[in-house]
Structures are given as C-alpha cells and as structure tokens.
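Colleague: dropping the sequence and predicted coords here.
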Amino acid sequence: MPKYAKDQSVDFKNTIERVAIVGAGGTIGLHITNALLETGRHTITALSRKSSGKKLPEGVLVASVDYDDEATVVAALKGQQILIITMATTAPRDTHSKLVQAAAKAGIPYVMPNGYGADIENIKLGEDTMLGPKAKANRDEIESLGMQWITVCCGFWYDYSLAGGETRFGFDFDKRSLTIYDDGNIKNSVSTLAQVGRAVAKVLSLNELPVDEKDTNFTLSMFLNKSVYLKSFVLSQNDMFESVKRVTGTTDADWTITHEDTKKRYEEGLAEMKAGNMAAFGKLLYARAFYPDDNNDLSAKAHNELLELPEESLDESTKAGIDLVEVLQRRVERIAA
C-alpha cells in the first residue's frame, strides 16, 4: 500500500470505520468495545458463538460463528478493516490461529492479537513467564499471512489484578491479608481496564495514513507491526497498600502482612505448574514481574501524551478494583456450579 492517503484510490477513506472483535463481552474486550462505541466513529461487529449468553453493549452488531467452521468466521470478517482478538487463557490453544487464518482469507489488513500486558521487547521476561514465545508466534503468523499487527503493552491491569486474590498483587480482601514481595518497593507499570480501552479507541481513531509528505500528524500506520505502550500508574506494592488503606479506612494493624522472596515465589509457582497445578500460573507471573533486577516498568515508552490519555485517580482506581472482588467471586461461583 502506498504510504500517503493522496496516492490511494478515489474511494479510499483515511479512517478505520469497521472493527471486528472477538471477546467483546469479556474482561478487556468489553472496555475496548465501550471505548470504541463512545467515539461514534466505528461500526463494531462482535464475533460470538451461537451458544454464548453474554450480553453485549447496545449498538454492537453480532455475527454468530462456529470457530470449527472456518467459512462462518470468514463470512463474519468480510469487509472488516481490523480484527481485535481478546480471549481468556482458557480458550482452546488453536483458536487464535484459526481466527488469524480466517482474517487473512477475508482480506483484513490489520489484526490486534491477544496479549495485553508486558513489554514485548523484554525477551527474558517473556520467556520466564512463558507468554512471550506464544505471543511472538501469533505476531509472526499474522505477518506470514500478509497482514500487519498492532499489539498493546500496558503492564498488568491494575483494578483486575488488585481484585484477583493473593496470587496477583498479594491482596486477599476477605482475609484482609497481604503478601509483600521482597521489601514491596519494586515498581511496575499498570493500566486500568478503562485506560486500555481508551488507548485502543484512540489509536483506531487516528488517520490510517498521512495525507501527504507534509502531514506530520500521528497515524495508525506508525503503530503497524509495533506496540502501543501505555500506563495508568507506576506503582510498588507499598504504593498500592497505602491507597488500599485510604480507600478502606484501615491501618497496618488491620492487616496480616507477610513477606516472600520474589525469586523463591516464582520458582515455587513454576514447580507447581509443572506438577499440573495450572492455577499457580498467576503466582509465577506476578512474582516474576516484581524481580528487583528485571521488572516490568515500561513507562518510559508510554504513548499516553501522544494519545491524549487522561490522568487517572489512583484511589478511584483502587476502589474500582476492590468493587471488582465481589464480581469476580460471583463469576467463580457460577463456573463452579
């Protein structure tokens, strides 16, 4: 494709208008979908299994598909400009590839692959958490099929992780206990679910290409086969704890606090996973990101200013995380039932 809008065909529109999304009702997919809807610039088509009972936001078009019948997926993706994939880690391992293959057959130029998290340029972190090689394979497959990708590096989802129990940021709100990794002072980049949604919507609302050689505005094309970096906060566990105490009106005396060595905790999580306990993945993942000598602070690369992302309130975000605890507990109970 020529690199300027002026060189395109007469019917070329220099905007992304038609967006397909997988997981539009999911944890991150819902926030991306809502943010895209708020722009008023996009027609959003959600791919959904016929058996799915998830309620989707008003204004979203729904295309029922069978992921085992490629023709249904290709038909749903025809005419779309970008496919956004958001899937739970429990999805069948070959689903991502099936979607990408179908997108190529449908003629979609761009894909946002699954994997909203760590800095893809931190190869060692990716290898240690076992997420990096798979995510790279996903991006390589997109390129091999003649499409281009944009991925999102946002660090951990702050509100979701805070609510997720002791294996994540160390908080157990039911027991009012906290496990602190090392001294609790290592900082990581984190992003709220809403900030991730806003960032994706901002990128997809940019012009696709520069108008001509004189156009110096930022465009979608600048992010192709690259990462969008963003953050809400750069926090240590101690920073989080101070916010939690403010929001809950508690003091240190109200909490049971223990300390663990991050590297020991990582090794324990890895051993538990190798023994078949997949639930230990969170323990491994979060401990590794807080290594004193190799954490996941990607704030120096963040595109927040470029994308005009808002400054957020830490305590409001902490409250949103605490409010999520009950929501996630109900979800677990439904699955168990």
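Modeller: Thanks, I have it.
Colleague: how near is the residue sitting nearest the centre point of the chain to C153?
Modeller: The residue lying closest to the centre of the chain (C-alpha atoms, centre = their mean) is Y116, at 2.7 Å. As defined by C-beta to C-beta, to the nearest Å, Y116 lies at a distance of 8 Å from C153. (Glycine included, C-beta is placed from N, CA and C.)
Colleague: related to what we said a few turns ago, just confirm the residue nearest to the centre of the chain contacts C154, I think it does.
Modeller: Yes - between Y116 and C154 there is a contact under C-beta atoms under 8 Å: 5.7 Å.
Colleague: can you list residues touching both of the two?
Modeller: Common contacts of Y116 and C154 (C-beta atoms under 8 Å, 6 or more residues apart in numbering): V196.
Colleague: which stretches of the stretch 51-200 of the chain form helices?
Modeller: Under the criterion DSSP state H, counting those that start in this stretch, the stretch 51-200 of the chain carries helices at the ranges 70-77, 95-106, 123-129, 132-144, 158-162, 193-204.
Colleague: redo those helices as CSV? Include distance to T250, mean neighbour count and mean pLDDT.
Modeller: Converted to CSV, the helices of the stretch 51-200 of the chain look like this (distance: least, C-beta to C-beta, whole Å; neighbours: other C-beta atoms under 10 Å; pLDDT from 0 to 100):
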stretch, distance to T250, mean neighbour count, mean pLDDT
helix 70-77, 49, 18, 96
helix 95-106, 42, 19, 97
helix 123-129, 32, 17, 94
helix 132-144, 37, 16, 96
helix 158-162, 15, 25, 96
helix 193-204, 25, 24, 98
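Colleague: take the ones you listed and write them to JSON lines, including distance to V60.
Modeller: Shown next, in JSON lines, are the helices of the stretch 51-200 of the chain (distance: least, C-beta to C-beta, whole Å):
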{"stretch": "helix 70-77", "distance to V60": "13"}
{"stretch": "helix 95-106", "distance to V60": "18"}
{"stretch": "helix 123-129", "distance to V60": "32"}
{"stretch": "helix 132-144", "distance to V60": "24"}
{"stretch": "helix 158-162", "distance to V60": "22"}
{"stretch": "helix 193-204", "distance to V60": "14"}
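Colleague: which one, of those, ends up nearest to F233?
Modeller: Counting by C-beta to C-beta, F233 lies closest to helix 158-162 out of the helices of the stretch 51-200 of the chain; the figure is 6.6 Å.
Colleague: so where is the chain shaky, pLDDT-wise?
Modeller: Low-confidence segments of the chain (pLDDT under 70): 1-2, 51-53, 329-337.
Colleague: switch to 80 and redo it
Modeller: Applying pLDDT under 80 to the chain picks out residues 1-2, 50-54, 89-90, 327-337.
Colleague: need the strands for the stretch 1-150 of the chain, in chain order.
Modeller: Assigned by DSSP state E, counting those that start in this stretch, the stretch 1-150 of the chain shows strands spanning 18-22, 43-49, 61-65, 82-85, 110-112, 148-153.
Colleague: what angle separates the third one from strand 43-49?
Modeller: The reference is to strand 61-65. 30 degrees (axes from the mean of the first three to the mean of the last three C-alpha atoms, to 10 degrees).
Colleague: mind listing what's buried in stretch 49-61?
Modeller: Neighbour-count burial for stretch 49-61 flags L56, V60 (criterion: 16 or more other C-beta atoms under 10 Å).
Colleague: straight-line length of that stretch, end to end?
Modeller: By C-alpha to C-alpha, to the nearest Å, the extent of stretch 49-61 from end to end equals 13 Å.
Colleague: what's next to that stretch, contact-wise?
Modeller: The contact list for stretch 49-61 (C-beta under 8 Å, 6+ apart) reads 24-26, 30, 33-34, 37, 43-46, 48, 62, 64-67.
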